[in-house]
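K.L.:
here is my input, please return the structure:
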Amino acid sequence: MKKVAKGQTFSPKADTWNAFIDAAQFVRQRQTAMTSSVIPTNRQNTIVKIRNKSGEDQNQLSVLGIDDLAIKPDNEETIQCFRTEQPVFDCKRIADIDEAKQHEMKFVVLVDPIKNNECGRAIVTGITPIQIQFLDDKHSYASPIPDDPMMLFSSNDGVCRVLWKQDGVGVKWALIDFPVNDFPRVRFKNNTGSTLWEGDACEVESAGPDPWTLNVVKPTGDSLLNVLPYSGLDLLAGEIGTVHVGEVMRFAVDSASSISPGDFVGTQSGYFELAKNRFGFLVLATESTSDGDFAYVRYSGLPPVIKAVADSSGDTIDVKHCDSDGNTEGDTFTLDIIPEDES
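P.N.:
Coordinates of the predicted model:
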């Protein structure tokens with residue numbers, strides 16, 4: 001292992017040459033990670049080994065979905081590896097994983113930059129720095145973007161809890177704890193024939209092929225109770241998205257200016273927005289944003305109060321909705337009179 005002077009005859013020993021080759025291979029293997037600083041890890045972070053099957057090199061802090069195991073317990077040899085060795089997960093862009101294998105909580109954040117088809121370390125649960133596209137400065141949760149591994153998007157109910165963030169909106173650095181599971185969730189299969197937007201009222205048509213999956217369509221009738229609001233990134237027709245369901249829901253409405261807390265709203269056939277004076281939901285509060293008008297509601301099931309004037313000369317009666325003060329509002333509609341049984 002002695003150095004050689006310029007012009008000196010050089011005839012390396014086998015051990016020396018092999019040591020040089022070992023050192024060169026070590027440097028080559030480490031080149032991928034040399035472009036990044038080391039992320040501090042601790043016992044709260046669960047580090048796993050993954051193989052990058054995304055089809056392209058991935059940077060440190062990229063987000064990939066867990067697709068499969070690299071070595072499966074299919075025979076005696078691989079069963080022994082499965083039992084005794086650290087698992088290696090094959091990871092892809094979330095959008096490239098088959099729908100049947102997708103799950104919003106099955107993802108990793110890369111500790112190392114990893115070249116395509118090579119292995120490296122990733123965090124599967126814990127606290128990590130990451131970049132988030134903040135749509136609202138007050139959002140305290142975030143979720144992965146299926147077709148963009150470089151960052152998360154902010155929300156009110158995502159699978160990552162934001163512990164700290166830079167001020168403002170746009171792409172910001174943040175510290176997250178993931179994954180978290182604070183809300184009940186269902187999966188929506190968009191059978192409406194059009195893109196679903198935040199707050200769209202969706203009629204639950206049937207259960208899907210997998211547990212906790214629902215097939216949803218555009219509301220086909222007025223005052224339906226089998227409806228839920230869509231939340232999340234725009235969901236194209238035919239795609240599946242995950243929706244959080246709670247006691248208080250945020251629906252798009254046709255006009256926030258004409259709706260007040262205490263009013264009743266419900267579906268109107270053929271529309272994604274809830275409308276006033278249709279039973280089903282009690283309004284808690286309304287808001288107007290650049291994306292449209294919304295109402296925070298909870299299930300009611302009570303029909304709106306109506307005011308009727310009897311007319312014994314016919315078989316129908318004209319009625320109107322009325323507010324809590326007894327003032328009539330909206331259009332008049334007609335009800336059939338059910339005669340009393342005189343016997």
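K.L.:
longest strand of the chain?
P.N.:
For the chain, the strand with the greatest residue count under DSSP state E is strand 119-134.
K.L.:
run through who's touching the following helix or strand past that strand.
P.N.:
Downstream of strand 119-134, the next assigned helix or strand under DSSP states H and E is strand 141-145. Residues outside strand 141-145 that contact it (Cβ atoms under 8 Å, 6 or more residues apart in numbering) are 63, 65, 94, 104, 107, 132-133, 151-162, 174, 176, 180, 232-233. The way it works is simple: take the backbone N, C-alpha and C, and place the C-beta from them, glycine included.
K.L.:
ditto for stretch 291-303
P.N.:
197-199, 223, 225, 247-257, 259, 264-265, 273-274, 279-288.
K.L.:
now that stretch: average pLDDT?
P.N.:
Stretch 291-303 carries an average pLDDT of 87.
K.L.:
can you list the weak-confidence ranges in this structure?
P.N.:
Applying pLDDT under 70 to the chain flags the ranges 1-4, 6, 10, 22-44, 182-183, 303-314, 322-326, 336-343.
K.L.:
which residues in it form helices?
P.N.:
14-30, 76-84 (DSSP state H).
K.L.:
could you report the distance from the closest residue to Thr128 other than its chain neighbours to Phe89?
P.N.:
Distances taken as Cβ to Cβ, 6 or more residues apart in numbering place Val109 nearest to Thr128, at 5.1 Å, with adjacent residues excluded. Counting by Cβ to Cβ, to the nearest Å, the gap from Val109 to Phe89 is 13 Å.
K.L.:
of these two, who's got more company?
P.N.:
Neighbours were counted for Val109 and for Phe89 using other Cβ atoms under 10 Å; Val109 has more, 25 against 21.
K.L.:
return the residues in contact with the more buried one.
P.N.:
By Cβ under 8 Å, 6+ apart, the residues touching Val109 are Leu61, Ser62, Val63, Ala122, Ile123, Thr128, Ile130, Phe178.
K.L.:
so in terms of bridging, what pairs with the fourth one?
P.N.:
For Ala122, the beta-bridge partners are Val48, Leu110 (DSSP bridges).
K.L.:
related to what we said a few turns ago, if any of the contacts of stretch 291-303 are buried, put those into a ChimeraX selection.
P.N.:
Here is the ChimeraX command that selects the buried residues among those (16 or more other Cβ atoms under 10 Å):
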select :197,198,199,223,249,250,251,252,253,254,256,259,264,265,273,274,279,280,281,282,283,286
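K.L.:
so what's the residue count around Asp318?
P.N.:
Asp318, neighbours per other Cβ under 10 Å, totals 13.
K.L.:
find the residue closest to it in space, skipping its chain neighbours.
P.N.:
Leaving out its chain neighbours, the residue that sits closest to Asp318 by Cβ to Cβ, 6+ apart is Thr332, at 5.2 Å.
K.L.:
do the same with Arg83
P.N.:
Nearest non-adjacent residue to Arg83 (Cβ to Cβ, 6+ apart): Pro73, at 7.7 Å.
K.L.:
that neighbour reaches Phe82, doesn't it?
P.N.:
Yes - with contact defined as Cβ atoms under 8 Å, Pro73 counts as touching Phe82 (3.9 Å).
K.L.:
where along the stretch 51-200 of the chain do the strands fall?
P.N.:
Under the criterion DSSP state E, counting those that start in this stretch, the stretch 51-200 of the chain carries strands at the ranges 63-69, 88-92, 107-110, 119-134, 141-145, 148-155, 160-165, 170-178, 185-190.
K.L.:
check contacts around Arg187.
P.N.:
By Cβ under 8 Å, 6+ apart, the residues touching Arg187 are Gly208, Asp210, Trp212, Thr213, Leu214, Ile240, Gly241, Thr242, Val243.
K.L.:
so the last one bridges to which residues?
P.N.:
Partner residues in beta bridges with Val243, using DSSP bridges, are Val186.
K.L.:
wait, doesn't it sit right on Asn190?
P.N.:
No - checked against Cβ under 8 Å, the pair Val243 and Asn190 is beyond contact range at 10.7 Å.
K.L.:
measure how buried the nearest residue to Ser154 once chain neighbours are set aside is and give me the count.
P.N.:
Closest residue to Ser154 apart from its sequence neighbours, by Cβ to Cβ, 6+ apart: His139 at 3.7 Å. Residues near His139, counting by other Cβ under 10 Å, number 18.
K.L.:
do the one 10 residues further on as well
P.N.:
By other Cβ under 10 Å, the residues close to Pro149 number 24.
K.L.:
also Gln80?
P.N.:
Burial of Gln80 is recorded as 11 neighbouring residues (other Cβ under 10 Å).
K.L.:
could you measure from it over to Val243?
P.N.:
Counting by Cβ to Cβ, the gap between Gln80 and Val243 amounts to 42 Å.
K.L.:
now swap in Tyr141 and tell me
P.N.:
14 Å.
K.L.:
quick one on the thing from earlier: now do the longest strand of the chain against strand 148-155, angle only.
P.N.:
Angle of strand 119-134 versus strand 148-155, following axes from the mean of the first three to the mean of the last three Cα atoms, to 10 degrees, is 40 degrees.
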